[in-house]
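Asker: pasting the sequence and the predicted model now:
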Amino acid sequence: MTKQPPRKAGAKVRVKTARGRTVGQAKWLRRQLNDPYVAAAKTEGWRSRAAYKLIELDDKYKLLKPGMRVVDLGAAPGGWTQVAVKRVKSDASKGGFVLGVDINPVDPIVGALLMQQDFLAEGADAKVIEAMGGKADFVFSDMAAPATGHRQTDHIRIMLLCEVALDFAIRVLNPGGGFLAKVLRGGTENELLATMKRDFRTVRHVKPPASRADSAESYVIATGFRG
């Protein structure tokens, strides 16, 4: 089990605006430099701080088990794929299989197969099943559309991503399988949860500690796919 990174006390790094750097960019940089998850990810070799979100969710809900076949949609830069490899033991000849799918190329990850593929394209589900040698036991997605700064628009865009990821998962999951995806607070997530309850036995709406407190993001977890 990977422990949460410690929240170190001490002076924070200050970042000033400079030529070519906006106030917003300076704020983002300051947050990155003072984020213990960012520092821990660099130390522990994770490609993104987002790896800790999956670690925390899996530690609490026991989603991933050795030998599972897992699909990571929108895998770049690969943090969640890295965690999946460790949890299903696909890097240790334990029968696990991790497939990272992204429309952009992703640098190789030991223990994972990476597929440059638009999962919305016709026939993508069949390609995924063929690559894995069968259907998946878990599908997850930490995808988010580029932020516009308009709250309602951003909510609609990320919820649409979650909905199409769910539709894809339903086509590639084994009975009993699970689905995990990012959502944004805004109201329509309740409709999504109701839809998921028709296809899965257990549905949860959660926010892991690694998800920043000032962020509207949370996650939906669905397990026990009815097939």
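Answerer: Sure thing, it's come through.
Asker: low-confidence ranges in this protein?
Answerer: Counting by pLDDT under 70, the chain contains low-confidence ranges at 1-35, 146, 186-188.
Asker: the strands in it, which residues?
Answerer: 69-73, 97-102, 112-116, 136-141, 173-184, 200-206, 217-225 (DSSP state E).
Asker: and those, which is most packed in?
Answerer: By mean neighbour count, with neighbours taken as mean count of other CB atoms under 10 Å, strand 69-73 ranks first of the strands of the chain at a mean of 29. Where C-beta positions appear, they are placed from N, C-alpha and C, glycine not excepted.
Asker: outside of it, which residues touch it?
Answerer: 64, 80-81, 84, 88, 90, 96-102, 119, 128, 132, 134-141, 143, 165, 168-169, 172, 174 (CB atoms under 8 Å, 6 or more residues apart in numbering).
Asker: that one pairs with which strands?
Answerer: According to DSSP bridges, the neighbouring strands of strand 69-73, each with its direction, are strand 97-102 (parallel), strand 136-141 (parallel).
Asker: can I get the ones you listed in CSV with distance to K60?
Answerer: Below are the strands paired with strand 69-73 laid out as CSV (distance: least, CB to CB, whole Å):
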stretch, distance to K60
strand 97-102, 21
strand 136-141, 15
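Asker: for S211, find the nearest of those strands.
Answerer: strand 136-141 (14.5 Å; CB to CB).
Asker: got the angle between that closest one and strand 173-184?
Answerer: Our comparison of strand 136-141 with strand 173-184, counting by axes from the mean of the first three to the mean of the last three CA atoms, to 10 degrees, yields an angle of 10 degrees.
Asker: quick one: contacts of strand 136-141?
Answerer: Here strand 136-141 makes contact (CB under 8 Å, 6+ apart) with 54, 63-64, 68-74, 80, 84, 99, 128-129, 161-162, 165, 168-169, 172-174, 176-182.
Asker: one more: stretch 212-222?
Answerer: Identification of contacts with stretch 212-222 by CB under 8 Å, 6+ apart yields 53, 57, 61, 63, 144, 151, 155, 162, 166, 178-186, 189, 192-193, 196, 199-200, 202-208, 211.
Asker: hang on, the earlier thing: P36: which of the strands of the chain is closest?
Answerer: strand 217-225 (18.2 Å).
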